Every structure is written in C-alpha cells, then in structure tokens.
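[1] Just the structure for this:
(one chain, ligands or ions: 2)
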Amino acid sequence: MKNKLKNKLKNFLKFLKEKDLYLSVFVLTNTINGILLRLITIKNGLRLSAVFVDAGVLLIFALFTFLIKKEKSRKKYLMILTSLMTLICFANSAYYHYYSSFTSVSLLATTVFVKDVSDAVFENVLKPIDIIYFWQPIFFYIYIHKRKLNNRTKKEEKKISKIGVIISVSIISIGICIMPSNAFSRLYKLWNRESVVINFGPYVYQIDDIIQSLTPGISSIFGHDSAYRKVKEYYEKNKTLKTNNEFTDIFKGKNIIVIHAESIQSFTMNLEFNDKEVTPNLNKLANEGIFFNNFYSQVGVGTSSDAEFTFNTSLLPSNRGTVFVNYYDRKYVTIPQLLKEKGYYAYSMHGNKGDFWNRNIMHKTLGYDRFYSEDSYIIDEKIGLGLSDKSFFRQSIDIMKKMKEENNGPFYSLLIMLSNHTPFSDLELTEEYPTTTNVTINNETITRNYINNTRLGNYIRSVHYADAAIGEFVEKLEESGLLENSILVIYGDHDARLDINEYNLLYNYDPINDKIKTELDEGYINFNEYEYELNRKVPFIIWTKEKNFNIKINTPTGMIDVLPTLGNMIGIKSKYALGNDIMNIKDGDNLVTFSDGSFVTSKIYYNAPKGEIYTINNDPITEEYINLRVDHSTELIEISNDIIYYDLIKELEGSN
Ligand code: GP9
Ligand code: MN
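    Ligands and ions are numbered 1, 2, ... in the order given. The predicted structure follows:
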C-alpha cells in the first residue's frame, strides 16, 4: 500500500515534469504572489500554514482544467483564473496600504466614496510595489503561449486528477494542523481579516469573504439566537449602576457644539517650527479645557463615518461592511437621541455631499433633526475634497444662529470638517506656514527646509490651516453669542495614515549636519511599528469659556468611552454603551480595543493578528493581565458586531 502510493506519487511528479508542468507553474507562481502579498502588507510572508493552504487550493483550481476539452479554452480558463488571483493580490495590497485591512466585497457599496476621494487614492493608496503581482500573469501567458495543454489521454488525466486531489487535501490538512487553535473561529467570524490572511492565505480569505458577504440572510438565521443570548447575558452581567463623580452633570442643559476634526493627530500639538506652534488654537483650548491626552479613535474601514458612529453610540464599528452604509436601518441608542429626550434640538453640518458615507440617511438614524450638507452652502472657496473649512465654519455660524432663533431649548450641533483630508497637497489657499528650522552654525543662521514638500510637511501645513479655521470659528462663536451657556467638544476622527518612514524625518533629523540620524547617532529615536501605532492618538477636548479647567487626562481613552464620559457631564446615559466613564477609572488604566482585536492600555500595546506585545512602561506584566484583556477585547468586538448585525438593541428594548 505504502509502496503503491509512493509509486503513484513518483509517476505523478514525472508526469508533471514531462507534460503537465504548467499546472505546477500555475500553483507555484500564484503561491509566490500570496507570499509576496503577506510580506508587503502584514510583513509575515512565510507562515507555512498559509503557503500550504494557498498551494492546495490553487492545485484544486488548476485540476479543473482537465474538465475542459479544447486546448484554447483550457488556456483561456487558466489565464482568467490566474488574472483573478493576481487581482485579489493587487486589490488587497492597495487596500491594505490605505486601510490596514483586507478588502471585502461587502464594501462594494462604499466604492462610490472611493471614487470621490480618487485623488487621495491615486496619490496615496497605490504604491509602486502594488503592481509587483502582475509579473505572474505576464510570465504565465508567455509560458503557456506555445505549449500544448491537452496532450494526454482521458485516462491519464483522470489519474493525475486523483493524485492531485490527494496531494491537495494532504497539504491543506497539514496547513490546518499547524495553525493556531483560534484560526478557524476567525475564519468563520471574519472580524480579524489579517489573521485569516496570515493563516489561510489571500485566496481562501477572499473566498470566505465572498461567501460571508453574499449570504448574510443564511448566516443571520444561524447565528441570531446564540448572539441574542450572548448579548443579553453580557448586559445583565455588566449592568453598571450610575457612579457619580465630580464631573457628574457639570454641563447639564448646556448647548453642545461638537467639531469632528478631520485626520488631526495629537502629535501635531507638540510641534513647533521656528518657535511657532503648529496648532496654537487647539493647544489653547486643550490647556484651558479637559484634554484627553491619550485618546484613540477606533475606526474600521468606515473611517470618518465609524468615528461618528462610535462617538455617538459607544459601540465599536462593524467588521462586515460599514455601519453607515450597510446597517443604517438598525436601532441604536445615541447622544442626539438621548439629548432630544431632554428637550435638545440636534443638527449636523458638513460641506461635502450629503450622500457621502450615506450621511443623508444615517444622520436621521443617529437622531439628528436636520443635516445641512453641501447643498446648504455656497462653494466659494475649495480645498481638497470640497468647501474649505474656513468658509464652512463662516457659513455654519449663520445656520447656527438661525437654528437658535427657530428652536427653543438647548442645541446639539455637529460640524464635520473636511480640508485636512488626505492627500494634504492642495495648499495654495492654506495659510503660509513654513515648516523650516533655523540653525546657527559658526554665527551664521541657516534655514533647513528638510520637511517641506514631503507628505508629512504638507500634512503639518494642512493641520495648521485646520487649526487656524477652528480658531476663527471660536472667535465667531463668541462674537455671535453662541458660546454663551455652551460647551465645545473637539475630536480628531482618525489618524492621517502617514507612512512610518515619514516620522523618521520628523524625529531623527539632525539640523546641524543636515542628515537623518542612524541608530549609531546620539539621540536617535527608534520609531518602530509600535511607536507608530501609539502615535496614532487623536485629540479629544472638552472646553467652555465659562471655566478654566486645566485638566489633562492621561488614562488611555477610546472613542467608545466618549458617550459614558461626556454623557456623565451632560446628564445622559446609554445602557448599551460598551465604553467606560474615564473619570471613574481610578488606577489610570483602561482598555482601548481596536476592531482587529489589537488593544492599548497604559502598560502595553497588543497586536492581535501577530499575538505580539509591546510594553509601554516598565511595570511588570503578568500573563493574567494580558489574557483578561485579550478576552475582554474579543467580547467587546463580538457584542458590538452582533448588536449591529442582528439589530439586537431593537429586540432588547422590545423585551424590556
Ligand atoms: C467626507 C469626509 C471624509 O465627507 O468625512 O471621510 P473619510 O475619507 O475620512 O472617511
Ligand atoms: Mn475622516
């Protein structure tokens, strides 16, 4: 038996060498592309399980060639197949560079937004390296061009197919055996896409994604009951009694003006060029107000819209599609709704098209009484994606005054900024802010222009513009009396997705010698991939002209904590909130979970796909500390996703 199998295998390999090598070439070259994709994106190319699964699945696809009779059709089939595989690699590679996640067909509905930000896409998303995968179809075409592909008898082909299937099943089985134990649950749940690509490779990932995206009906029937039980139990177990603290109700009944600050990262608040701050206005508001210094946005692929969603609901964004586009018709408990129960009038303003991110519809779901979009503004000055922030704020003041006159009671207004959107290159209209540094060498002052015209340099100038726009807006609010009895809340919606190498220029430039420091130089900062993650912080500021707080909160805080924290100050509470009131956290440690299961606390950054830990301070870390948080992060993601996917708040409300 053993010898028989051995002989069969031998014969098979001989066959391949002689005539059917094109099947192996197909498998091998596409497997190489799978490795390349993992190397270029997650920097984890050689995980053997993925190599085996890739090769096994590709071999099965390749064997289908034998079902086709005509030589020409066989070539066509293989070329179509190989082009599809290449496209999967290319699309995922390009997508990953922008979203740090893998693409999904459930996002086809959002491609309309990608079209709108196409400038940004072409400038920043497509990197030259992304076209590397196209070597494969070119090579493969040349390779099979003059080859005969049906030079065997039917019997021989049958034999090869049989052995091929045995080989394929065997290597896939080996691949599965050497995977970590949670790999299968991740394949099924698909919220940790990176982990699926690491373990199963891109081709199985994409098939999995297509199946799961196209069969929501089927999976919702299967998963609903257990999801409902799990979510109900979670809230019963975690029923938090309202804990009052010194911030409880301090802003009760005040008007609330929220600024959604596009792509502003906190590190810009610590920068100066030639003694001029990049963000003097934000810095002033942060110093006078309550400033969350260690605040992270927790967006998924829905970026701006996810930030809005988590801010308003204290739920995490969806891992299957985006809430604004795919789950706009669900029931959520939100800040505007809770305020409206207290007599507030809630409205939102944005200088871009109303259907971008499906806001026209989703803002109603979130509870805004009105949404003023591009149509309500005169586009008299354009920057980047549309109306400039300065003009937007100027015109919004008029809307706000009108709203105040027309409606009694306090108001809740949201202003969504736009100008500081990638690619940050439309700077003719932005205020002159030279990102140069002067150094004195031998009594001579020399101006170093090292950062100008880099993407980081453009970003800094663009942030400076956005900050100036906020400054002007606060002045106008004051002039028009809108600051009376009001609080101002500012949040950065997500990071700017700058390349890690750009930061090297920022943190390791040596102006004296006009060069980038290396590890051997004194003062070199090792800005590694984890420092990069920690640096993705965005500002969160609560300010009122009526009181100087001068409070800086260093506790790690996530967008999910906004509703409980701000809610405690303004007198509202959602029983479905998954975040914490940061002011109740006494030991200064909090868990900020990102949608792929990674998290940050005051002690560690945990990278879920890779299972790696980066320690932030020198506090001793126990296994228990990590495991508890890994479990809780998984729980938060699952509860959030189940609520969104199965519309569970509606049911839970109904059952109360
Ligand atoms: C578009 C704006 C940008 O209206 O909110 O969205 P983003 O690309 O940042 O998700
Ligand atoms: Mn945004």
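[2] Quickly find the element holding whichever residue of the stretch 301-450 of the chain sits closest to ligand 2.
    With Cβ to the ion as the measure, residue 304 is the residue of the stretch 301-450 of the chain nearest to ligand 2, at 3.2 Å. Backbone N, C-alpha and C define where each C-beta goes, glycine included. For residue 304, the host element (DSSP states H and E) is helix 303-313.
[3] Output the contacting helices and strands for that helix.
    Using 3 or more Cβ pairs under 8 Å, 6 or more residues apart in numbering; DSSP states H and E as the contact criterion, the elements in contact with helix 303-313 are strand 255-261, helix 323-326, helix 335-340, helix 359-366, strand 411-416, helix 562-570.
[4] Please name every helix or strand in contact with the fourth one.
    In other words, helix 359-366. Against helix 359-366 (3+ Cβ pairs under 8 Å, 6+ apart) you get helix 303-313, helix 323-326, strand 345-350, strand 370-372.
[5] so can I have a markdown table of those showing mean neighbour count?
    A markdown table is the format used below for the helices and strands packed on helix 359-366 (neighbours: other Cβ atoms under 10 Å):
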| stretch | mean neighbour count |
| --- | --- |
| helix 303-313 | 27 |
| helix 323-326 | 24 |
| strand 345-350 | 23 |
| strand 370-372 | 19 |
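[6] Where among the ones you listed is average confidence lowest?
    Out of the helices and strands packed on helix 359-366, helix 323-326 stands lowest, with a mean of 89 (criterion: mean pLDDT).
[7] Can you pull out the low-pLDDT segments for this protein?
    Within the chain, the stretches with pLDDT under 70 are 1, 12-19, 45, 107-125, 189-191, 215-222, 240-242, 429-431, 655-656.
[8] quick one, domains of it?
    Under automatic domain parsing, the residue ranges defining each domain of the chain are 2-217, 233-429+464-655.
[9] The first one vs ligand 2: in contact?
    No. Under the criterion of Cβ under 5 Å from the ion, domain 2-217 makes no contact with ligand 2; the nearest approach is 9.8 Å.
[10] is it true that residue 101 touches residue 302?
    No. Residue 101 lies out of contact with residue 302 (Cβ atoms under 8 Å); the separation is 11.0 Å.
[11] Can you pull the residues of the stretch 451-600 of the chain lying near ligand 2?
    residue 493.
[12] Now distance to residue 639 too, for the helices and strands packed on helix 359-366, in TSV please.
    Shown next, in TSV, are the helices and strands packed on helix 359-366 (distance: least, Cβ to Cβ, whole Å):
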stretch	distance to residue 639
helix 303-313	12
helix 323-326	14
strand 345-350	26
strand 370-372	29
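[13] nearest to residue 616, of the ones you listed?
    Residue 616 sits nearest to helix 303-313 of all the helices and strands packed on helix 359-366, at 22.9 Å, using Cβ to Cβ.
[14] follow-up on the earlier one: can you give the contact residues for the helix holding residue 304?
    Applying Cβ atoms under 8 Å, 6 or more residues apart in numbering, the contact partners of helix 303-313 are 99, 258, 260, 262, 297-300, 302, 315-317, 322-325, 332-336, 357-359, 362, 366-367, 414, 416, 491, 493-494, 558-560, 562-563, 574, 576-577.
[15] Then stretch 542-551?
    Stretch 542-551 is contacted from outside by 251, 254, 285-291, 478, 483, 485-490, 566, 569, using Cβ under 8 Å, 6+ apart.
[16] switch to 6 Å and redo it
    285, 288-290, 483, 487-489 (Cβ atoms under 6 Å, 6 or more residues apart in numbering).
[17] just to revisit the earlier point, okay if I get the helices and strands packed on helix 303-313 as JSON lines plus distance to residue 400?
    Formatted as JSON lines, those follow (distance: least, Cβ to Cβ, whole Å):
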{"stretch": "strand 255-261", "distance to residue 400": "8"}
{"stretch": "helix 323-326", "distance to residue 400": "24"}
{"stretch": "helix 335-340", "distance to residue 400": "16"}
{"stretch": "helix 359-366", "distance to residue 400": "16"}
{"stretch": "strand 411-416", "distance to residue 400": "6"}
{"stretch": "helix 562-570", "distance to residue 400": "18"}
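[18] secondary structure element for residue 484?
    Taking DSSP H and E as the definition, one finds residue 484 inside no helix or strand.
[19] what number of residues lie near residue 624?
    Per other Cβ atoms under 10 Å, the neighbour tally for residue 624 reads 8.
[20] can you check residue 244 too?
    Neighbours around residue 244, by other Cβ under 10 Å: 11.
[21] What backbone torsions are found at it?
    Phi and psi for residue 244, reported as degrees, to the nearest 10, are phi -80, psi 150.
[22] so what's residue 515 bridging to?
    When bridges are called by DSSP bridges, residue 515 pairs up with residue 510.
[23] I'd like to know how far it sits from ligand 1.
    Note on residue 515: its distance to ligand 1, by Cβ to the nearest ligand atom, to the nearest Å, is 35 Å.
[24] Okay then, goodbye and thanks.
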